[in-house]
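Chemist: dropping the sequence and predicted coords here.
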Amino acid sequence: MNTPPLCAVPHGLRLTPAVLAFMLVLSPLYGAAAPAPVATPPKTHTLFMGANLSIVSKDTALPVSDVRSNSFVVDGPHGRIIVPAQSDQFRIKIDDTLKLTTNYVRIDKLTFDRSYTPGRDPMTKFADAARTSAYLDDGRDEADRALRYAGAGAGFASANAAALAGTLGEADAAAELAGSQAQLGGAQASAERAEAMTHMDVFSTVSNSSRLTSDLAAEQYDALTVSFDIASPRPLESPYIVVFLRFLAEKGRPDTASVWVYAEKLPDLDEHPRHIRFVRGGFPPGYHIDSYHVHLYNGTTEIATSASRKQVALTTDEAFQYHVVEYVVQNRGQTKAPAKASGFWPTDLRTRVAPDKLTRALFLKVGKDGRVLGIFVDQACAQPNADAELAALKPELHFLPALAKGKPVESVVAVKLGQLSD
């Protein structure tokens, strides 16, 4: 458990784009006039604080692509590498970064509870002691029965010594009497030992009850139990969850803080809820949970969940505004041509537009905000498109704006819609 505390986790994109995006939700991008509201649009996207995971080997960061038995799977230069989540040979790199997704998974009844490994569980110890005590009680009862039986035998031999001597002879009768007395002595010793064992403090029910109360009050937890219910509206065929737990070895002492990283492969997920529970030990006895968060991945893609940090539900338009801001921030000082905004393009374009129109050469004027300002049939944008079917598509066509030394500028892009359809 030599990973850095959560407060030292490095950041990727930083929060500047998020701040801008939240501002954009309240005011149009670059001061453009907001259209009059017609109806409340649905929230189609989630902006959330995710985490990009990679394994650092010889100063090279290899992205995590899967999880197997609490180990991360990475694709190295010479094939796949399996790296335990708790490894002294590799370093886990965690880059906090804002992510935008249309997929959202519910995680319900999420609990992080301190617990015990079987060897330290006070209830298990008490149950074991109770079973031992019951076993000793049964042993004492059996010894008492054996003592009564031996006593009866010795009494019979002593009372009938003369008759036995006449039947067996004096020597054999004496041996029979001595044997019965020896058996009585052995039974007496066994009974005394059994009685003494039942009175030992370690097997005393009263003492064990007091010990249980004391152990429970001490809260010497050394394990963690995590449980939750999970369901996904879209099928996930390679899901796994990664847990980050910051804990204190001693309560009230931040200098004893450590971070526990755990990866758990999940079964395939769909709309039917599944209950997940796992227990893991290895924590210092008496540890305290400081904070935790969970991340859900499907292969290399992180999925937003109801447990995601700093999540905000966005409309498609709000999500596109954020996407543009993120693009501009990531390309400071660069000059770029406009490009199709993946994920913000009509997915049913080929079914809505006649095939001959998909191959028609068009010229789109793209604004600084990435929205299409007009559709034209000439590069000079002097002849507007007169086709109503194509004109109806204009609000749904989104681009990453052209950049001139990092500044968004208006531009004209020649397209054939069929080549840009998803």
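Modeler: Nice, I can see it.
Chemist: where does the closest residue to residue 62 other than its chain neighbours land in three-state SS?
Modeler: Of all residues not flanking residue 62 in the chain, residue 74 sits nearest, at 4.0 Å (Cβ to Cβ, 6 or more residues apart in numbering). In this view, the C-beta of every residue, glycine as well, is placed from N, C-alpha and C. Judged by DSSP: H, G, I helix; E, B strand; the rest coil, the three-state class of residue 74 is strand.
Chemist: quickly list what the nearest residue to residue 267 once chain neighbours are set aside is bridged to.
Modeler: What sits nearest to residue 267 in space, not counting adjacent residues and going by Cβ to Cβ, 6+ apart, is residue 274, at 6.3 Å. Taking DSSP bridges, one obtains residue 230 as the residues bridged to residue 274.
Chemist: tally of neighbours for residue 274?
Modeler: Residues contacting residue 274 under the criterion other Cβ atoms under 10 Å number 14.
Chemist: report how many residues lie close to residue 283.
Modeler: Neighbour count of residue 283, defined by other Cβ under 10 Å: 22.
Chemist: so it touches residue 225, yeah?
Modeler: No. Counting by Cβ atoms under 8 Å, residue 283 sits too far from residue 225 to count as a contact (11.4 Å).
Chemist: joint contacts of these two?
Modeler: By Cβ atoms under 8 Å, 6 or more residues apart in numbering, residue 283 and residue 225 have these common neighbours: residue 114.
Chemist: one step back: doesn't residue 56 make contact with the residue nearest to residue 62?
Modeler: No. Under the criterion of Cβ under 8 Å, residue 74 makes no contact with residue 56, lying 10.1 Å away.
Chemist: which one's more surrounded, the two?
Modeler: More neighbours surround residue 74 than the other of residue 74 and residue 56, with 20 against 12 (other Cβ under 10 Å).
Chemist: hey, what's that one bridged with?
Modeler: Here residue 74 sits in beta bridges with residue 64, residue 81, going by DSSP bridges.
Chemist: likewise for residue 92?
Modeler: residue 55.
Chemist: ok, it - contacts?
Modeler: Going by Cβ under 8 Å, 6+ apart, residue 92 touches 3, 53-56, 72, 85, 261.
Chemist: domain parsing for the protein?
Modeler: For the chain, automatic domain parsing gives the domain ranges 6-116+220-313, 120-217, 335-420.
Chemist: which of those domains has the lowest average pLDDT?
Modeler: Mean pLDDT per stretch puts domain 120-217 lowest among those, at a mean of 64.
Chemist: now residue 231: closest residue in space that isn't a chain neighbour?
Modeler: Nearest non-adjacent residue to residue 231, counting by Cβ to Cβ, 6+ apart: residue 273, 4.2 Å away.
Chemist: so which bits of stretch 355-367 are buried?
Modeler: The neighbour-count check on stretch 355-367 (16 or more other Cβ atoms under 10 Å) flags 357-358, 360, 362-367 as buried.
Chemist: stretch 94-112 now?
Modeler: Neighbour count says stretch 94-112 has 94, 96-101, 103-105, 107, 110, 112 buried, by 16+ other Cβ under 10 Å.
Chemist: on that earlier part again, I figured the residue nearest to residue 231 hits residue 230, correct?
Modeler: Yes. When contacts are counted by Cβ under 8 Å, residue 273 is listed as touching residue 230 (6.7 Å).
Chemist: which one of the two is surrounded by more residues?
Modeler: residue 230 (24 against 15).
Chemist: can you list residues touching both of residue 74 and residue 56?
Modeler: Residues touching both residue 74 and residue 56 (Cβ under 8 Å, 6+ apart): residue 62.
Chemist: hang on, the earlier thing: for the buried residues of stretch 355-367, which one is nearest residue 385?
Modeler: residue 362 (6.7 Å; Cβ to Cβ).
Chemist: give the contact list for that closest one.
Modeler: Residue 362 neighbours (Cβ under 8 Å, 6+ apart): 375-377, 385, 390, 414-417.
Chemist: the residues you listed into JSON lines, with extra columns for secondary structure and distance to residue 251?
Modeler: Below are the contacts of residue 362 laid out as JSON lines (DSSP: H, G, I helix; E, B strand; the rest coil; distance: Cβ to Cβ, whole Å):
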{"residue": "375", "secondary structure": "strand", "distance to residue 251": "65"}
{"residue": "376", "secondary structure": "strand", "distance to residue 251": "69"}
{"residue": "377", "secondary structure": "coil", "distance to residue 251": "73"}
{"residue": "385", "secondary structure": "coil", "distance to residue 251": "69"}
{"residue": "390", "secondary structure": "helix", "distance to residue 251": "67"}
{"residue": "414", "secondary structure": "strand", "distance to residue 251": "66"}
{"residue": "415", "secondary structure": "strand", "distance to residue 251": "63"}
{"residue": "416", "secondary structure": "coil", "distance to residue 251": "66"}
{"residue": "417", "secondary structure": "helix", "distance to residue 251": "63"}
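Chemist: please, a ChimeraX command that selects the buried ones among the residues you listed?
Modeler: The buried residues among the contacts of residue 362 can be selected in ChimeraX (16+ other Cβ under 10 Å) with this line:
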select :375,376,377,385,390,415,417
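Chemist: OK, contacts around residue 111?
Modeler: 225-228 are the contacts of residue 111 under Cβ under 8 Å, 6+ apart.
Chemist: let's go with 10 Å and repeat that
Modeler: Residues in contact with residue 111 (Cβ atoms under 10 Å, 6 or more residues apart in numbering) are 225-228, 277.
Chemist: next: residue 243.
Modeler: Contacts for residue 243 (Cβ under 10 Å, 6+ apart) come out as 85, 112, 224, 226, 260-264, 278, 280, 292-295.
Chemist: same thing but 6 Å
Modeler: Listed by Cβ atoms under 6 Å, 6 or more residues apart in numbering, the contact partners of residue 243 are 262, 294.
Chemist: bridge partners for it, pull those for me.
Modeler: Beta-bridge partners for residue 243, by DSSP bridges, are residue 262, residue 294.
Chemist: gap between it and residue 108?
Modeler: Noted for residue 243: a distance of 16 Å to residue 108, by Cβ to Cβ, to the nearest Å.
Chemist: next, the residue lying closest to residue 375 once chain neighbours are set aside: phi, psi?
Modeler: In space, and not counting its chain neighbours, residue 375 is closest to residue 385: 4.0 Å by Cβ to Cβ, 6+ apart. With angles defined as degrees, to the nearest 10, residue 385 sits at phi -70, psi 130.
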